[in-house]
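[1] how would this look folded up:
(2 chains)
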Amino acid sequence: HEHLFSDDNKSTNGTLYLTATHLIFVESGSNNSTSTAQEIWILHHHIASVEKLSLTTTGCPLVIQCRNFRVVHFVVQRERDCHDIYSSLLRLLRPVSYEELYAFSYNPKQSDQQRDEGWQLIDLGAEFERMGVPCDQWQLTNVNRDYKVCETYPRDLYVPITASKPIIVGSSKFRSKGRFPVLTYFYQEKKAAVCRCSQPLSGFSARCLEDESMLQAISKANHNSQFVYVMDTRPKLNALANRAAGKGYENEDNYSNIRFQFVGIENIHVMRTSLQKLLEVIGSRSVSMSDHLVGLESSGWLRHIKAVIDAAIFLSKAVTVEGASVLVHCSDGWDRTSQVCSLGALLMDPYYRTIKGFMVLIEKDWISFGHKFADRCDQLDGDPKEVSPIFTQFLECVWQLTEQFPQAFEFSDWFLLQIHEHVHSCQYGNFLGNNQRQREDLRLRERTHSLWAYLMSEKQMYSNPFYSAAYSESHPVLEPSTLPYHFKFWRNMYHQFDRSMHPRQSVLKTVLTLRENSREAESTLQALQDRLHQLGATPVVTSDPAPPTRDQRSNTLPPRPDSLILGAAINDKEVQRQANERQQQLQEEEEEEEVGQEAVESTDTERTVEGSSGTESRKQSYGELEGTYNSELAKEEPAVVSLEFGVARMTC
Amino acid sequence: MEFAELIKTPRVDGVILHRPFMPTVEGTLCLTGHHLILSSRQDNTEELWLLHSNIDCIEKRFLGSQGRIIVKCKDLRVIQLDIPGMEECLNIASSIEALSTLDILSLMYPFFYRPMFEVLEDGWNSFLPQNAFKDLETMTDEWRLSEVNKDFSVCASYPPLVAVPKGVDDDTLRKVATFRHGGRFPVLSYYHKKNGMVMMRAGQPLAGTNGRRCKEDEKLINATLRPGKRGYIIDTRAANVAQQAKARGGGFESEANYPQWRRISKAIERSNILQESLIKLVEALNDQSHNMDRWLSKLEASNWLTHVKEILTTACLAAQCIDREGASVLVHGTEGTDSTLQVTSLAQIILDPACRTIRGFQGLVEREWLQAGHPFHQRCAQSAFSNSKPRQEAPVFLLFLDCVWQIVRQFPCSFEFSDSFLVLVFEHAYASQFGTFLGNGTAERVKLSLPQKTVSLWSWVNRPQELQRLTNPLYEANSLVIWPSVAPQSLLLWEGKQQGGGGEVTTHERGPKMRARSVGPTH
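    This next block holds a predicted model:
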């Protein structure tokens, strides 16, 4: 049934559809026939929680919180309908097997060959070759070919040439989950290595000669330094507590030539709570500046971000300045260790600051080394205590660096937001499961598509116009400031869908548009010159084509899609068709629910972006003028803006 | 008085200059009557030229026979000089202290500065009230330019010419002036072309505890209302502060006497609180502990961003009344020379596209700050570091610039000028070779013959080579009203100014302020 409710300034009326994969809200285009009706598509996998509030005079409110930090409020006219949606969603939100995930039904209409090519885009063997490995000190080992030594590691591992198989196996038995020290980054200039592992099973006094030999081998592989740094990324107290459980950290007396260091990054539980607090603080409306800052501080979020970056800086300095090799671990070596190793490499190697290189980095330090994406991102109905925003933190750390070094990264924060979106969307196979072995068992390469190929096909969209390859050449190693005021709140991530908070004009978008237009103008010029040439005339001007004028820019609409984040991957009709097909299959069981209701978009005001219509929310914040407000007047100013910065529109 | 008396050691060799984020420089330190100069005496290297009037405070330290002077500037930069020789160091320090605290306007550098560029257009004549009025006349004939204050006898802080409603004669104005703080009777601040609504500003009414009234005052402001329309009075003080002002002879417009006006109280803090806020903010920025929690709690305790939010909110409210409610507005606080001007000038940035150009912004600063009688000399005598007891110092103008910067950040393509223009205006308000920001009002500027004896900042800025440097390449005129977001998540710390980056290294021949400031490790 179509809803119908009288117009309220802050809400949109429309129809809610529930499909097997998406929750779709379609605005009824009654009052605004010229503009296309707004649609909001929410992937079930993105929904973190659904809450049914108590009945009000207008209907039954439903609050949906998403993992991409979207918050939507719906008001469903009839309570029974609301309850139906609510319970259907609850069922849909808790997939119990991987096969239920969207990636297995998502079909971008590619041939098998295209799909294979997509998966072959990132080749970690080639990546180690790029670093200069294997070499005279480091070799590829086949001990883990069949996941026999460590099932959460990839098959191909690189170790010092002096590390024999017995040493490796012995060392792995002395390390939590068998995650023995292996190479993750090789700094060719100084022949210094970054290795990673899990905590040793040292307890209060246990030793392992093979493990000691392993560290010795890592040390010997680097002639530039007399010692190896061992970075335990945990706070000392946590490491001490682990000793009681037969785990712990390296005793400097037992290992020759190591320098042991705690760096104090908190564990997944602290991080989860911290993000929850942060979201509470920023989610409450019209807080004072003071409350906001106090809340920001007490959430501890930026403190944690800084701690991770501080650790990465320590790693990068040890390698690039001292030329020392570093072994990084935490408890299991898949959360903090992944953060620190990948960020450290990002600081040291300009390649990882390119679009392709950044994909490689994630593939290497996160996907292949077994960051537990399935558990951390809550892909299947599992233990809520395993969920933690470790990867989100990593993306934020990268963003903080892009803010400090605007010329050093080939990508803009749109790229980071898009990756974040798809880590949770389960639309592509890359992040499914907890480790490589599991991914192979699921035959993801045959049954799902790769995100990297898709992102690569849209590379232009993510490029940072301020990127300078020359800068990277002159500044191969980044040395970020750790002054606290350089760490900022990432509005584009946590308020992605709350347009009223964002700048009304985007420098990034403007520059990209200008660049696109000048590219087009140049190709037109080229075409015209060719034509002239064909006609036998000599071009009058051969050098220095005039820059495109401003007028051109306003005439041509850039090929920038409306949908940057969510919609981008989804061909609208495609999905709907699939969804429909799927639905038919599911028959009555998941019958389409078409419920009339009113959506109160209190935090998700799509219309806010249209410049002055933001006055609705603004009116409240300026306060005092509770008098009547002519809504026509408010709409009169068409658009102060063309804003798209980091804001996703769900329609394509 | 001779400057030479104050300079005990005019020259020291082998001095080392340290600046944050920049390489150290070794060279010769020279003191002149107005400058501290450090030159490496090599070709093509930059020299440090620092105006004594820019120095907020210095600290001395001794390490063996080596002396160290840390110079903290009013524009928030901090530099360090290592000086060989105890005696030299002491002499230099005491000279700097004496020279930087000279408070005699006629001895200031602008009176001695001779421009090394060709003045194409004398900035002193660029923004005269009579020219601004000519523009107004093209839009409306309801206003007139009154000469009632031509000898500054009616209001010491107003310029000789002010725009008032046509139907109100000079005698009425004189009477109203006696009813308003500092003689600041309501005058026109802004005319909104789109709907003919106006913004006026004034000093507080001297209602006192008896609730004194002034019919002429009522008549004056009612003259700006359309038949049957109500207006808004925006009082920049919190309700209780306005109430307390009655005890000291001030107060606010009572509803009974001003039935056509609705009064709204907003709480913009007074000078001393703003000054304290700046001191705390700068202290937080210079905290070396690198501790996130400490930084956030110090930032919060400084209240700086709270002030930014409050001022912006009030300006938005004023703009909203005019543009959205279609009502005229009168803005005042106590004196009408501080928070009032913040609100009226920011409201114009929001409403009037002309104020978002380089020239338009200069005009705005002239009209709403310099000619409107903001006491720059008092407010900018000290900045965040000074150890002296604050008198009337306050970062009122700096907060205005910060708010402008916030709007620029939210509408980065709608302003013709870049961040560096705002930083430049900030620096020159505190210390300058130009006469523009000297003195406390037009009366004082006339008395000092500033237009005749000094060069205007605008003369220097409005030359092609400078304009090019200050222009925002993404600018595209936006004729619309721009509503900024005032949510805490939308307001940021203005680093460009507050970072306290490098020292001022200039090649003096080329231009007075060739900056070589590095902002963090970014570049």
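[2] in the stretch 1-150 of chain A, where is pLDDT below threshold?
    Using pLDDT under 70 as the threshold, the predicted model of the stretch 1-150 of chain A has low-confidence ranges A:1-10, A:29-36.
[3] and the residue of it closest to chain B?
    At 12.2 Å from chain B, A:F69 is the closest residue in the stretch 1-150 of chain A, using CB to the nearest CB. Glycine gets a C-beta too; all of them are placed from N, C-alpha and C.
[4] quick check, central residue of chain A?
    For chain A, the residue whose C-alpha lies nearest the mean C-alpha position (CA atoms, centre = their mean) is A:H420; its distance is 2.4 Å.
[5] that one touches A:Q393, doesn't it?
    No - the pair formed by A:H420 and A:Q393 falls short of the contact definition of CB atoms under 8 Å, at 10.9 Å.
[6] that older thread, burial of the residue of the stretch 1-150 of chain A closest to chain B, as a residue count?
    Burial measure for A:F69: 22 neighbouring residues, criterion other CB atoms under 10 Å in any protein chain shown.
[7] same question, A:Q137
    Close neighbours of A:Q137, defined as other CB under 10 Å, add up to 20.
[8] got it, and B:P464?
    When neighbours are counted by other CB under 10 Å, B:P464 registers 8.
[9] can you pull out the helices in the stretch 351-500 of chain B?
    When secondary structure is read from DSSP state H, counting those that start in this stretch, the stretch 351-500 of chain B shows helices at B:358-365, B:376-379, B:396-410, B:419-430, B:442-447, B:450-453, B:457-461, B:464-470, B:495-498.
[10] quick one, which of those gets closest to chain A.
    helix B:396-410 (4.5 Å).
[11] ok, and what's touching the closest one?
    By CB atoms under 8 Å, 6 or more residues apart in numbering or on different chains, the list of residues contacting helix B:396-410 from outside reads A:503-505, B:271, B:274, B:278, B:307-308, B:311-312, B:315, B:338-339, B:341-342, B:345-346, B:349-350, B:361, B:369, B:374, B:376, B:379-380, B:415, B:419, B:422, B:425-426, B:429, B:482, B:484-485, B:490-492, B:494, B:496-497.
[12] the one helix or strand B:R144 maps to pairs with which strands?
    For B:R144, the enclosing helix or strand under DSSP states H and E is strand B:143-146. In the sheet containing strand B:143-146, its partner strands are strand B:162-165 (antiparallel), by DSSP bridges.
[13] and residue 22, bridged to which residues?
    Chain wasn't specified; assuming chain A. Residues in a beta bridge with A:H22, per DSSP bridges, are A:L43.
[14] that's the wrong chain, I meant chain B
    B:R19.
[15] could the helices of the stretch 351-500 of chain B be laid out in JSON lines, adding mean pLDDT?
    Shown next, in JSON lines, are the helices of the stretch 351-500 of chain B (pLDDT from 0 to 100):
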{"stretch": "helix B:358-365", "mean pLDDT": "98"}
{"stretch": "helix B:376-379", "mean pLDDT": "96"}
{"stretch": "helix B:396-410", "mean pLDDT": "97"}
{"stretch": "helix B:419-430", "mean pLDDT": "95"}
{"stretch": "helix B:442-447", "mean pLDDT": "95"}
{"stretch": "helix B:450-453", "mean pLDDT": "96"}
{"stretch": "helix B:457-461", "mean pLDDT": "96"}
{"stretch": "helix B:464-470", "mean pLDDT": "94"}
{"stretch": "helix B:495-498", "mean pLDDT": "64"}
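[16] could those go into CSV alongside distance to A:Q427?
    As requested, the helices of the stretch 351-500 of chain B are arranged in CSV below (distance: least, CB to CB, whole Å):
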stretch, distance to A:Q427
helix B:358-365, 48
helix B:376-379, 58
helix B:396-410, 33
helix B:419-430, 40
helix B:442-447, 66
helix B:450-453, 68
helix B:457-461, 54
helix B:464-470, 47
helix B:495-498, 38
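[17] of all the residues in the stretch 351-500 of chain A, which ones are close to chain B?
    The stretch 351-500 of chain A comes close to chain B at residues A:404-406, A:479-489, A:491, A:495, A:500, as judged by CB under 8 Å from any CB of the partner chain.
[18] among those residues, name the buried ones.
    Among those, those that count as buried by neighbour count (16 or more other CB atoms under 10 Å in any protein chain shown) are A:404-406, A:480-481, A:483-489, A:491, A:495, A:500.
[19] and the residue lying farthest from the centre of chain A, which of the three is it?
    Within chain A, the residue lying farthest from the chain centre (CA atoms, centre = their mean) is A:G536, at 54.0 Å. Three states are possible here, and by DSSP: H, G, I helix; E, B strand; the rest coil the one that applies to A:G536 is coil.
[20] separation between it and chain B?
    With distances taken as CB to the nearest CB, to the nearest Å, A:G536 is found 40 Å from chain B.
[21] what's the answer for A:E210, then?
    With the distance defined as CB to the nearest CB, A:E210 ends up 40 Å from chain B.
[22] and of the buried ones among the residues of the stretch 351-500 of chain A next to chain B, the nearest to A:T141?
    Of all those, the one sitting nearest A:T141 is A:P480; the distance, using CB to CB, is 34.4 Å.
[23] so the closest one sits in a helix?
    No - under three-state DSSP, A:P480 sits outside any helix and is assigned coil.
[24] pLDDT at it, what is it?
    Turning to A:P480, the model gives it a pLDDT of 96.
[25] if I pick it, what's in contact with it?
    By CB under 8 Å, 6+ apart, the contact set of A:P480 is A:I309, A:I313, A:L347, A:Q400, A:L401, A:Q404, A:F405, A:H486, B:P521.
[26] JSON lines for those residues, including distance to B:N131, pLDDT and secondary structure?
    Formatted as JSON lines, those follow (distance: CB to CB, whole Å; pLDDT from 0 to 100; DSSP: H, G, I helix; E, B strand; the rest coil):
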{"residue": "A:I309", "distance to B:N131": "54", "pLDDT": "98", "secondary structure": "helix"}
{"residue": "A:I313", "distance to B:N131": "56", "pLDDT": "98", "secondary structure": "helix"}
{"residue": "A:L347", "distance to B:N131": "56", "pLDDT": "98", "secondary structure": "helix"}
{"residue": "A:Q400", "distance to B:N131": "48", "pLDDT": "98", "secondary structure": "helix"}
{"residue": "A:L401", "distance to B:N131": "50", "pLDDT": "98", "secondary structure": "helix"}
{"residue": "A:Q404", "distance to B:N131": "45", "pLDDT": "95", "secondary structure": "helix"}
{"residue": "A:F405", "distance to B:N131": "46", "pLDDT": "97", "secondary structure": "coil"}
{"residue": "A:H486", "distance to B:N131": "45", "pLDDT": "93", "secondary structure": "helix"}
{"residue": "B:P521", "distance to B:N131": "46", "pLDDT": "31", "secondary structure": "helix"}
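[27] pick the one among these closest to B:V12.
    Lowest distance from B:V12 to the contacts of A:P480 (CB to CB) belongs to B:P521, with 31.3 Å.
[28] just give the nearest non-adjacent residue to the residue of the stretch 351-500 of chain B found nearest chain A, would you?
    Across the stretch 351-500 of chain B, the shortest distance to chain A (CB to the nearest CB) belongs to B:P488, at 3.5 Å. Closest residue in space to B:P488, ignoring its immediate chain neighbours: A:H292 at 3.5 Å, by CB to CB, 6 or more residues apart in numbering or on different chains.
[29] was I right about that neighbour contacting B:L491?
    No - when contacts are counted by CB under 8 Å, A:H292 is not listed as touching B:L491 (9.1 Å).
[30] how about the residues of the stretch 101-250 of chain B by chain A?
    Near chain A, when you scan the stretch 101-250 of chain B using CB under 8 Å from any CB, you find nothing.
[31] what segments of the stretch 101-250 of chain B are strands?
    Along the stretch 101-250 of chain B, counting by DSSP state E, counting those that start in this stretch, strands occupy B:143-146, B:162-165, B:187-192, B:197-201, B:231-235.
[32] CSV please, covering these and showing mean pLDDT.
    Shown next, in CSV, are those (pLDDT from 0 to 100):
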stretch, mean pLDDT
strand B:143-146, 96
strand B:162-165, 96
strand B:187-192, 97
strand B:197-201, 97
strand B:231-235, 97
